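*Asks:* Need the 3D shape of this:
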Amino acid sequence: MHLLARLVVKFAVLLTAAAIACAAAPAGDGNGTAIARGVHVGDVVLTGLTVQPAEEQIRAALAEPLVFRVRSQTVVVPTARFRVRADVDSATRAAVRARPGKSIPLRVRVDRAAIDRTVSRLAQRFYTPARDASVVGLDAGLRPLFGPSAPGRKLNRRAAHREILRALAGGTREGLRLRFLRVEPSVTVDSLGAVIVIRRASNTLTLFDGRSVVRVFGVATGQAIYPTPTGQFEIVDMQYNPWWNPPPSPWATGLKPVPPGPGNPLGTRWMGLSAPGVGIHGTPDAASIGYSASHGCIRMYVPDAEWLFDHVTIGTPVFIVSA
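*Replies:* Here you go, the predicted structure:
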C-alpha cells in the first residue's frame with residue numbers, strides 16, 4: 001500500500017480509538033465547575049466557588065462560635081460543645097448543580113442535650129427576679145412607707161433553643177437574639193395587706209391595709225418598768241385560745257400556767273411578735289386599756305383581739321413607736 005494511504009488509515013484508527021475512549025470515560029464530578037451567582041448553603045453564599053473552596057467555606061462557617069448580644073453584654077458560645085455534624089459534601093455538590101439564587105439546605109445533626117445545657121446556663125445568667133413591694137418604714141405622719149414592686153425577667157427557653165438550633169444549621173452566628181418573658185412580682189403595694197402601727201404615747205393600735213386605715217383600737221402598753229419595745233417587728237406566732245405560761249421574769253416568779261378559759265391573761269387570742277416575749281393579745285382586765293399597764297405586751301379588749309386575729313397573718317409587719 002502506498003505510504004500516504006497507510007498513514008491516513010492509521011490516523012483514522014487513532015481517531016476512532018480516541019472517540020471510543022472519550023465515550024467510555026466517566027462524566028466529570030464538577031470539581032472544577034464554578035457555583036452559580038447567589039447560590040448559598042444556609043447563610044453561606046458560594047458564588048463563583050468550586051467544590052473544594054466551597055466546602056472549606058461552609059466548614060469554616062460551621063466552626064464559628066455563636067455570639068449572643070443581650071443589651072450591652074456579649075456572650076460567646078463555642079460551637080464545638082454542640083458536636084455539630086453536617087453533610088457538607090452533599091450540600092456542596094448540590095450547590096454546583098443549582099440554578100442562580102438557589103438556597104441549598106444543609107443537613108445537620110447536633111447534641112440537643114448540649115443545647116439544653118447551654119440554654120440553662122443562659123437562663124441562670126440572665127435571670128432577674130421580680131422585686132416584691134415591701135414595707136420599709138413609716139412617714140412623718142406614722143403611716144406605712146412602701147418600697148415599690150418591680151417586674152423581673154426570665155429567658156424564653158423554647159425560643160433560645162430554636163435560635164441556637166437555627167444558627168447551628170447554617171444560620172448566622174453573629175448578634176443572635178435571646179428573648180425574655182416578664183416575671184410579675186408576687187406582692188404589689190396594693191396587695192401588701194395588713195400593717196400594724198402601735199403608738200405607746202397614745203396607747204393606740206392602727207390597722208392599715210396598704211396605705212388605707214382600716215380600724216383604730218385602744219390598747220394597753222407596757223409600764224415604765226416593763227416598757228413595750230419600739231422598732232419594726234412582725235407577727236411570728238398566732239394562737240387560738242392560748243395557754244398563758246409564766247415568763248422568765250421576776251414579776252412572774254411562783255406563778256403557774258393558766259389554761260384557756262375565763263381569766264386567762266391572754267384572753268382568747270395571741271399574736272406573738274418577733275420581739276421576744278412580746279405579743280398582741282386580749283385581756284380580761286378591760287380597765288387597763290388606754291394605759292401603760294402591761295408587762296410589755298399589747299393588750300386589747302377581747303372582742304377587738306378576736307377581730308384583729310382574723311385580719312392579720314404570720315408575717316404581718318408591726319411598727320411600735322414611742323409617739
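
*Asks:* where's the residue lying closest to P257 once chain neighbours are set aside relative to T283, distance?
*Replies:* Setting aside the residues directly before and after it, P257 is nearest to N245 in space (C-beta to C-beta, 6 or more residues apart in numbering), at 4.9 Å. Any C-beta I mention is one placed from the backbone N, CA and C, and that applies to glycine too. Distance of N245 to T283, given as C-beta to C-beta, to the nearest Å: 16 Å.

*Asks:* So between the two, which is more surrounded?
*Replies:* T283 (23 against 12; other C-beta atoms under 10 Å).

*Asks:* The more buried one and H295 touch, don't they?
*Replies:* No. Contact criterion C-beta atoms under 8 Å: T283 and H295 do not qualify, at 11.3 Å.

*Asks:* Please save the CA atoms from stretch 276-288 in CSV.
*Replies:* C-alpha atoms of stretch 276-288 as CSV (Å, rounded to 0.1, in the frame of the first residue of the first chain):
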residue,chain,number,x,y,z
PRO,A,276,-39.0,38.1,122.3
GLY,A,277,-41.8,37.5,124.8
VAL,A,278,-43.9,40.3,123.4
GLY,A,279,-47.3,39.9,121.7
ILE,A,280,-50.7,41.4,121.0
HIS,A,281,-53.5,39.7,122.9
GLY,A,282,-56.8,40.0,124.5
THR,A,283,-57.1,40.7,128.3
PRO,A,284,-59.7,40.1,131.0
ASP,A,285,-58.5,43.3,132.6
ALA,A,286,-60.6,45.7,130.4
ALA,A,287,-59.9,48.6,132.7
SER,A,288,-56.2,48.6,131.7
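
*Asks:* Endpoint to endpoint, stretch 248-256 covers what distance?
*Replies:* 12 Å (C-alpha to C-alpha, to the nearest Å).

*Asks:* Can you give the distance of that stretch from its chain's centre?
*Replies:* 52 Å (C-alpha atoms, centre = their mean, to the nearest Å).

*Asks:* State the mean pLDDT of that stretch.
*Replies:* Averaging pLDDT along stretch 248-256 gives 82.

*Asks:* go on, stretch 268-279?
*Replies:* 96.

*Asks:* go on, stretch 154-164?
*Replies:* pLDDT averaged over stretch 154-164 gives 96.

*Asks:* And stretch 184-192, by the same measure?
*Replies:* 90.

*Asks:* now what about that stretch, what contacts it?
*Replies:* 130-135, 146, 148-152, 210-211 (C-beta atoms under 8 Å, 6 or more residues apart in numbering).

*Asks:* Leaving out the residues flanking it, which one is nearest to A34?
*Replies:* Closest to A34 by C-beta to C-beta, 6+ apart is G48, at 5.1 Å.

*Asks:* quick one, helices of the chain?
*Replies:* 3-24, 51-63, 88-97, 112-125, 157-168, 302-309 (DSSP state H).

*Asks:* Quick check: A95 vs V108, distance?
*Replies:* A95 is 16 Å from V108, by C-beta to C-beta.

*Asks:* Mind checking which of the two has more residues around it?
*Replies:* A95 (26 against 18).

*Asks:* mind checking pLDDT for the more buried one?
*Replies:* pLDDT, A95: 94.

*Asks:* my read: it touches L46, true?
*Replies:* Yes. Using C-beta under 8 Å, A95 is in contact with L46, at 5.3 Å.

*Asks:* tell me, what's touching those two both at once?
*Replies:* In contact with both A95 and L46: I35, V39, H40, A54, using C-beta under 8 Å, 6+ apart.

*Asks:* Number of residues surrounding the first one?
*Replies:* Applying other C-beta under 10 Å, we find 26 other residues in the vicinity of I35.

*Asks:* from memory it sits against R97, does it?
*Replies:* No. With contacts counted by C-beta under 8 Å, I35 stays clear of R97, the gap being 9.2 Å.

*Asks:* between these two, what contacts are shared?
*Replies:* Joint contacts of I35 and R97 (C-beta under 8 Å, 6+ apart) do not exist.

*Asks:* quick one on the thing from earlier: now, which of the shared contacts of A95 and L46 lie within strands?
*Replies:* H40 (DSSP state E).

*Asks:* which of the shared contacts of A95 and L46 sit farthest apart?
*Replies:* H40 and A54 (10.2 Å; C-beta to C-beta).

*Asks:* and for the two, which residues touch both?
*Replies:* L46, A95.

*Asks:* how many neighbours does the spatially closest residue to V77 that is not a sequence neighbour have?
*Replies:* What sits nearest to V77 in space, not counting adjacent residues and going by C-beta to C-beta, 6+ apart, is L66, at 4.4 Å. Counted by other C-beta under 10 Å, the residues lying close to L66 total 21.

*Asks:* can you tell me which residues contact L66?
*Replies:* V76, V77, T79, I164, A167, L168, R173, L176.

*Asks:* Y240 now?
*Replies:* Taking C-beta under 8 Å, 6+ apart, one finds T268, R269, F309 in contact with Y240.

*Asks:* Just put those in JSON lines and tack on distance to I289.
*Replies:* Listed next are the contacts of Y240 as JSON lines, based on distance: C-beta to C-beta, whole Å:
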{"residue": "T268", "distance to I289": "16"}
{"residue": "R269", "distance to I289": "15"}
{"residue": "F309", "distance to I289": "17"}
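
*Asks:* Okay then, goodbye and thanks.
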